[in-house]
Structure formats: C-alpha cells, structure tokens
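Colleague: Okay, here's the prediction I keep looking at, along with the sequence it came from:
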Amino acid sequence: LAQVCDVFADFVDLKLPHALGHSRRVSAVASQVARTLGLDASAVEHVRIAGLVHNLGNVGIGNHIWESRGPWTVAQRQLVERHPVFGAQALGRAEAFREVRPIVVSHHERCDGSGYPSGLTARALPVEVRVLAAADVAVALAQTRPHRARLHEDKAAATLEAEAEAGRLIMAARAHWFADEQAGAE
C-alpha cells in the first residue's frame, strides 16, 4: 500500500509541473505534526497516506483550469471544489483506503466552516483532517503557483498564523513547515 500511495502521489503531482513533490511534502509535514500532537501510530499512518493521495481528484479536472493565471469563473471554482470528492470516490473502490477517505474528502474544510466541499466546522473535523489541511496550506505557500510566486518564509509564516488566528486552521503545522520548506524549496 505504501508503494502504491507513493506512485499515486507522484502521478498526481506530475499532472501539474508546479506541484511536483507537493504530495510527498504534505505527507511528510502532516505525519510529523500528527506525531508531535501525540496521535497514535494508526492515526499517524492514516495522515501520512492521506497526504500522499489527498489530491488524487485533481486528475479529474483539466489542466487549463489548474494552470489559469487569472481568477476562476464560478463554474471553474465549483469544479475545483469537487476535487476532494473525486479523490475520495476513486479511493472508495479499495477497502484499504476506508480510513483514509474521510481525511481526503475533507482536506479543504476549515475549522470555521469556510472550507469545501461541505462547509464542515471543527466540531465535525477529526484532528487528522485538521492536521492534513494545515500541512497542505503550509506546503502550498512555499510553492510557486501559476497565479503567484512562492511566498517568502516570513510571509508564509504570517499567512499561517493569520489562518490559525482566524480559526480556519490549526497552528501545529508551522514549526514543521519551516524544516520542510527548507528541504523542499524550489
């Protein structure tokens, strides 16, 4: 399963050149945060695997949308916001991913209910989801995207802190992001 997930991670990231290494870095940061928070070994492994496959649903969306330099249309945004559902549906075909699917489908949810695809709040989000969501944002901030340059470490840290203070993300990913950002800098 670990090798299959590594393949999924690389496959998904190859779809978009700006995302190369994203899934493996998210997995590493998220699993380290989970360990630091004292989650049991099973939960840490679920977070690690979910980090590798969290963007599997990206393959169901055309690159012309992902690579857009301007703002998305309403229809494009609605489609993008379905990528966690697409990924969870694909994973639902294998019993081995039963524990990971809920983490994957919710990785863009935010503690204050402002995320997607379901607008869930912290009360409905297991800690594994909150860890993965924060790790995904932390790693993404350190990567160049078609619509923006990678953020400098100070700016990225301030963004993470603002998201935590606003009640959208947990702050636990920050310390681990710095080490990962240095290791995975483009």
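Modeller: The structure has been received and is ready for your questions.
Colleague: Helix or strand: which one has residue 110?
Modeller: When elements are assigned from DSSP states H and E, residue 110 belongs to no helix and no strand.
Colleague: what about it, how many neighbours?
Modeller: 23 (other C-beta atoms under 10 Å). All C-beta atoms are positioned from the backbone trio N, CA, C, and that covers glycine.
Colleague: Over to residue 113?
Modeller: Counted with other C-beta under 10 Å, residue 113 comes out at 16.
Colleague: Please point out which parts of stretch 32-40 sit buried.
Modeller: 32-35, 37, 39 (16 or more other C-beta atoms under 10 Å).
Colleague: Show me the residues you listed that map onto strands.
Modeller: Per DSSP state E, strands hold no members of the buried residues of stretch 32-40.
Colleague: Redo those residues as TSV? Include distance to residue 9.
Modeller: Listed next are the buried residues of stretch 32-40 as TSV, based on distance: C-beta to C-beta, whole Å:
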residue	distance to residue 9
32	16
33	18
34	17
35	19
37	22
39	21
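Colleague: Could you work out the most separated pair of these?
Modeller: 32 and 39 (10.9 Å; C-beta to C-beta).
Colleague: For the spatially most central residue of the chain, which non-adjacent residue is closest in space?
Modeller: Nearest to the geometric centre of the chain sits residue 136, at 3.2 Å (C-alpha atoms, centre = their mean). Distances taken as C-beta to C-beta, 6 or more residues apart in numbering put residue 26 closest to residue 136, at 5.2 Å, once the chain neighbours are dropped.
Colleague: separation between the one you found and residue 159?
Modeller: 16 Å (C-beta to C-beta, to the nearest Å).
Colleague: So if I had to pick from those two, which one is more boxed in?
Modeller: residue 26 (30 against 15).
Colleague: For this structure, which segments count as helices?
Modeller: Here the chain has its helices, by DSSP state H, at 2-15, 22-36, 41-53, 63-66, 74-80, 83-91, 101-105, 127-141, 153-165, 173-184.
Colleague: Which among those helices is found nearest to residue 121?
Modeller: Counting by C-beta to C-beta, residue 121 lies closest to helix 127-141 out of those; the figure is 10.8 Å.
Colleague: on contacts alone, who are the packing partners of the closest one?
Modeller: Applying 3 or more C-beta pairs under 8 Å, 6 or more residues apart in numbering; DSSP states H and E, one finds that helix 127-141 makes contact with helix 22-36, helix 41-53, helix 101-105, helix 153-165, helix 173-184.
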